[in-house]
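Visitor: sequence isn't available, so here's the structure alone:
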């Protein structure tokens, strides 16, 4: 099971997307990036890919420490 939600940072900071899922190794939480950087459509695409990974066992996403929006996405 995977879920997607927005979380608010401290006062004045923009909200960010948070992806949560659980698998046999435990519960996981990943910050996908700011709402102003990552569109809702892209965040939902990542959620669907993660759900597909969890149901089929295929590795579709390369989520790790290097997962971050590129400069073009940020700019």
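Guide: Yep, that arrived. All figures in this text were calculated on a predicted structure; none of them were measured in a lab.
Visitor: biggest helix in the chain, by residue count?
Guide: For the chain, the longest helix by residue count, based on DSSP state H, is helix 40-56.
Visitor: contacts for that helix, please.
Guide: 1-4, 17, 19, 21, 23, 32, 58-61, 63 (CB atoms under 8 Å, 6 or more residues apart in numbering). The way it works is simple: take the backbone N, C-alpha and C, and place the C-beta from them, glycine included.
Visitor: quick one, which of these are buried?
Guide: For the contacts of helix 40-56, a burial check counting by 16 or more other CB atoms under 10 Å picks out 2, 4, 17, 19, 21, 32, 63.
Visitor: would a markdown table of those with secondary structure and distance to residue 10 be doable?
Guide: What follows is these, written out as a markdown table (DSSP: H, G, I helix; E, B strand; the rest coil; distance: CB to CB, whole Å):
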| residue | secondary structure | distance to residue 10 |
| --- | --- | --- |
| 2 | strand | 26 |
| 4 | strand | 21 |
| 17 | strand | 17 |
| 19 | strand | 21 |
| 21 | strand | 25 |
| 32 | strand | 18 |
| 63 | coil | 25 |
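Visitor: wait, residue 22 touches residue 28, no?
Guide: Yes - contact criterion CB atoms under 8 Å: residue 22 and residue 28 qualify, at 7.0 Å.
Visitor: what's near enough to touch the closest residue to residue 21 other than its chain neighbours?
Guide: Excluding the flanking residues, the one nearest residue 21 by CB to CB, 6 or more residues apart in numbering is residue 2, at 3.9 Å. Under the criterion of CB under 8 Å, 6+ apart, the neighbours of residue 2 are 19, 20, 21, 47, 50, 51, 54.
Visitor: quick check: residue 2 vs residue 47, distance?
Guide: Separation of residue 2 from residue 47 (CB to CB, to the nearest Å): 6 Å.
Visitor: now residue 60
Guide: On the measure of CB to CB, residue 60 and residue 47 end up 12 Å apart.
Visitor: understood, closing this out.
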